[in-house]
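Chemist: The amino acid sequence is not available; the structure is as follows:
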């Protein structure tokens, strides 16, 4: 018996032992081996193994070929074979290696089929700069049996997820062989919008980390990077039309900004992984940092009839406000190719507007009385019309609808309120009005707590509201949110993963895949797999060890 | 004005606006060149001394030793950065050349240590006091022992900051400093999850940056046994998660101890028994009590078996090795959370209980075990630290025993333990593994270990405290960011005068400390809301 087997047995033994000892609260969970996360719609695996020779194995395109596939093959080859522990790799000339595999199989008294390639068939052409969208077909079918492996997908986006799944099926036996069990998978996501919000306004996150996080998202089949790029504290987005915004509004314009080429790189990196990049430029609230580089954009606040030097939300009373916004968002639309732009619209505080005499005059002129929600609606309506004129759809936070703005039919509403608020009721109200919704209220991963909080995220189902089937079908999916108050480059990845994986499975897998007890061994495997692939995914199921621990990058 | 300063000014401008906005999270302006933890006595003026980077050096006035020489190399790097950082800076700033050929007032830092220090180890009795003066370009650090000099060097480096024009400067300063408590510890648990030696060393660096002086190494527990014993290699080859990669070899352990020694940090190893020992049973058959269901062993195991005549010879040999490997005067013996269920099920134990006339009082059996173990340690001429249960259960211990209080209701326990004349350590309020949302460092900051009912003599028995980072949800992926700078809050509580206890006053310094730690390679997470550091963290 090799070291490897012994260890694994030991590990299993442990799980058993502990469950019998009353005082041990921490039962190391034995991880699954070669099982996918998130769980596919339909997944059948047999005990028959197919052996892979890492040196000769190849991905073979049958039919439509494109850059997205070719890039993916390089990545997934590395993910499958390169980073497994070196001691498990069989080295030496090819002939020796193959003999060695045979020899090891003879020792075990069994002969595995040799899997030499995965053939990949994509029906729709994918050449050229195509981007994933809300309408992408992400389905795929994957079959491995008797030394043959086939991946079929309508669109390349499904093929990408199929490749991810295939690589997750590969594991190393105790004698160091790469193997895949006979497997048959038919898969497609339950929800089309499976997002993750990162907040680069409260703390800066370097491009490198954003790219790493996109890799982690792909490993969990999340497909929307919701980039909450600016906020009150800083404006790191470098605008070509308005360079002063980041020059004056970022923490450090020499280092803490996203240049046009940074953004292009992030969008391309995401595209190659089937991930949309949806930028959020939140206004009229949460816009304090805009004023630094765009004087006059915000309302000036008054104390006792005079300006007090403070600023409130954007000032909707000036024509210059909307002229600026039109030019700004025209640029945003040219930079971010996604069909949707997130325009925020949350948490608008009326105090400053109320103090400002010019705003007061405007309210009177418009016949708003002292209903400042009307003023907010007025602002949003103008902004939405601008976005509409750019031919883009928009995502907004729930307040915009709560306040009664008229929005495009294809608008997606983000339901986020959780404090003293029923998101179920809000989902019911929104869908009753016919709006598409995306839920994030139960997935505020930035709000950390001790222990296995992933179970709470895992248990939250976006369909848990009263509504007709038609209403349910308006649920586009959800987003986990990693707000940046207490998060920066030092901790964002371990705090996001694998807690974010729990949300990813909820959004991808069938509704009835919802038992945390059944999920846990797979989640432990998923964490260790992510660690092996370079993501510092933190432990979330008590004591244990990954065969390869995180070693920085 | 160079680029850097303009940025800083605009940042300050933004921050000052924020502090006035009603709905904005309060952003706080960090201090510049103010030390953490706060010294006992700290006087400074706005008069700046520039550092002469080209000629800058540390010079030993009298006693020289390995510890000082090693520290000079480290602290030079802590001020000026590694070469890589300099090249990074060169790309970023056209002022690079000017910056590194800066001429200035301070060409040297003189270090004056009274007692010989070659090859020495820190201890509970170390004199950690020092004085530091910066005036007219002259810098002098004086200390009785080298340990004080190390802290003085750390303080000096923290006084250095970059001026608005990008120069390294130090304000005129006079400091007279010594720690409030002699034992300022940090517990890491390498059993629930393995932590690489590399991260243990990085954490020692972080501890030194906060003047913590005891690494309490909770090295083994139920879940795994990563300590590689020379006498009993099966303990780790069978009891670790992965014996090829997740063990501490004798070389690793020696490296950790030496790295700590050079930073004035003690390494106190904890080998917890008789409970928390499941992993021992894998490599040391017969050490644990067999649990019974009815008449037969059911295959599970309980605490160490005190009834077998093999148990104590094994422990004697094992701890003789431990005492030879870990030079510290103290060994931590654990003794916490012993469950009696398994003992109660075992017929041999029952017979033994009868023979010893313990009735059904299994606490007596526990005491019997601990007493035997304590005698072994005593015979090895070592002192011991134990968790509070050992005293609660009435074992007789050496007078120099240190009792670590970890349970809730610590005020009463500290009162009780010190009344019996024992030295004590507080850990209860510093369980940093228990995370929660937001700025929880203020809670750690405001917990005072002497805040219990007792005489001055009792208070004097408080050696200090320890923050703990138990390993259930912590490994190499998150241990450093989870510890720092939350642990810095505990470090200041244990070092600085009792009345340095106002979080709002501490916060600007804590932000500077976090950014300073990041610059020096520690991924210290943000703990005070939105903001930034001039140099963000990069994986080394």
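Modeler: Now that the structure is in, tell me what you want to look at. Since this is a predicted model, take the numbers as computed values, not measurements.
Chemist: can you list the residues of the stretch 301-450 of chain B near chain A?
Modeler: Contacts of the stretch 301-450 of chain B with chain A, taken as C-beta under 8 Å from any C-beta of the partner chain, map to B:301, B:302, B:337, B:339, B:341, B:342, B:433, B:434, B:435, B:436, B:437, B:438. Placement of C-beta: from N, CA and C, glycine included.
Chemist: Which one (most neighbours) among the residues you listed?
Modeler: residue B:302 (28 neighbours; other C-beta atoms under 10 Å in any protein chain shown).
Chemist: Now do the same contact list for the nearest residue to residue B:109 once chain neighbours are set aside.
Modeler: Taking C-beta to C-beta, 6 or more residues apart in numbering or on different chains as the measure, residue B:109 lies nearest to residue B:139, with 4.3 Å between them; neighbours along the chain are not counted. Counting by C-beta atoms under 8 Å, 6 or more residues apart in numbering or on different chains, residue B:139 touches B:106, B:108, B:109, B:110, B:132, B:133, B:156, B:170.
Chemist: Look up phi and psi at residue B:139.
Modeler: Residue B:139 has phi and psi values of phi -120, psi 130 when expressed as degrees, to the nearest 10.
Chemist: Show me what stretch B:41-49 is in contact with.
Modeler: So stretch B:41-49 is in contact with B:34-35, B:104-106, B:134-137, B:163, B:169-177, going by C-beta under 8 Å, 6+ apart.
Chemist: chain center to it, what's the gap?
Modeler: Distance of stretch B:41-49 from the chain centroid (C-alpha atoms, centre = their mean, to the nearest Å) equals 29 Å.
Chemist: Just the buried ones among the contacts of stretch B:41-49, please.
Modeler: With neighbours counted by 16 or more other C-beta atoms under 10 Å in any protein chain shown, those contain buried members at B:34-35, B:104-106, B:134, B:137, B:169-173, B:175, B:177.
Chemist: Farthest pair within those residues?
Modeler: B:104 and B:177 (24.8 Å; C-beta to C-beta).
Chemist: among the residues of the stretch 301-450 of chain B next to chain A, which are in strands?
Modeler: B:301, B:302 (DSSP state E).
Chemist: Give me the buried positions along the helix or strand in which residue A:152 is found.
Modeler: Per DSSP states H and E, residue A:152 falls inside strand A:148-153. By neighbour count on 16+ other C-beta under 10 Å, the buried set for strand A:148-153 is A:149, A:150, A:151, A:152, A:153.
Chemist: now the angle from whichever helix or strand comes after that strand to strand A:148-153?
Modeler: As assigned by DSSP H and E, the chain's next helix or strand after strand A:148-153 is helix A:156-169. Relative orientation of helix A:156-169 and strand A:148-153, computed by axes from the mean of the first three to the mean of the last three C-alpha atoms, to 10 degrees: 150 degrees.
Chemist: Please compute how far helix A:156-169 lies from its chain's middle.
Modeler: Counting by C-alpha atoms, centre = their mean, helix A:156-169 comes out at 16 Å from the chain centroid.
Chemist: In contact with the residue lying closest to residue B:106 once chain neighbours are set aside, which residues are there?
Modeler: The shortest distance from residue B:106 to any non-neighbouring residue, by C-beta to C-beta, 6+ apart, is to residue B:51 (4.8 Å). Applying C-beta under 8 Å, 6+ apart to residue B:51 gives the contacts B:79, B:102, B:104, B:105, B:106, B:160, B:167, B:168, B:169, B:170.
Chemist: residues making contact with the host helix or strand of the last one?
Modeler: Just to be clear, that refers to residue B:170. Using DSSP H and E, residue B:170 sits in strand B:168-177. With contact meaning C-beta under 8 Å, 6+ apart, strand B:168-177 is reached by B:33, B:35, B:39-51, B:53, B:79-80, B:102, B:104, B:106, B:129-136, B:139, B:151-152, B:155-156, B:159-163.
Chemist: looking at this, residue B:186 is in a strand?
Modeler: Yes. According to DSSP: H, G, I helix; E, B strand; the rest coil, residue B:186 belongs to a strand.
Chemist: That one bridge partners, please.
Modeler: residue B:215, residue B:467 (DSSP bridges).
Chemist: if I read this right, it contacts residue B:465, doesn't it?
Modeler: No. Look at residue B:186 against residue B:465 with C-beta atoms under 8 Å: they stay out of range, at 10.1 Å.
Chemist: Tell me where the stretch 151-300 of chain B has strands.
Modeler: B:161-162, B:168-177, B:183-189, B:214-218, B:266-270, B:288-293, B:296-304 (DSSP state E, counting those that start in this stretch).
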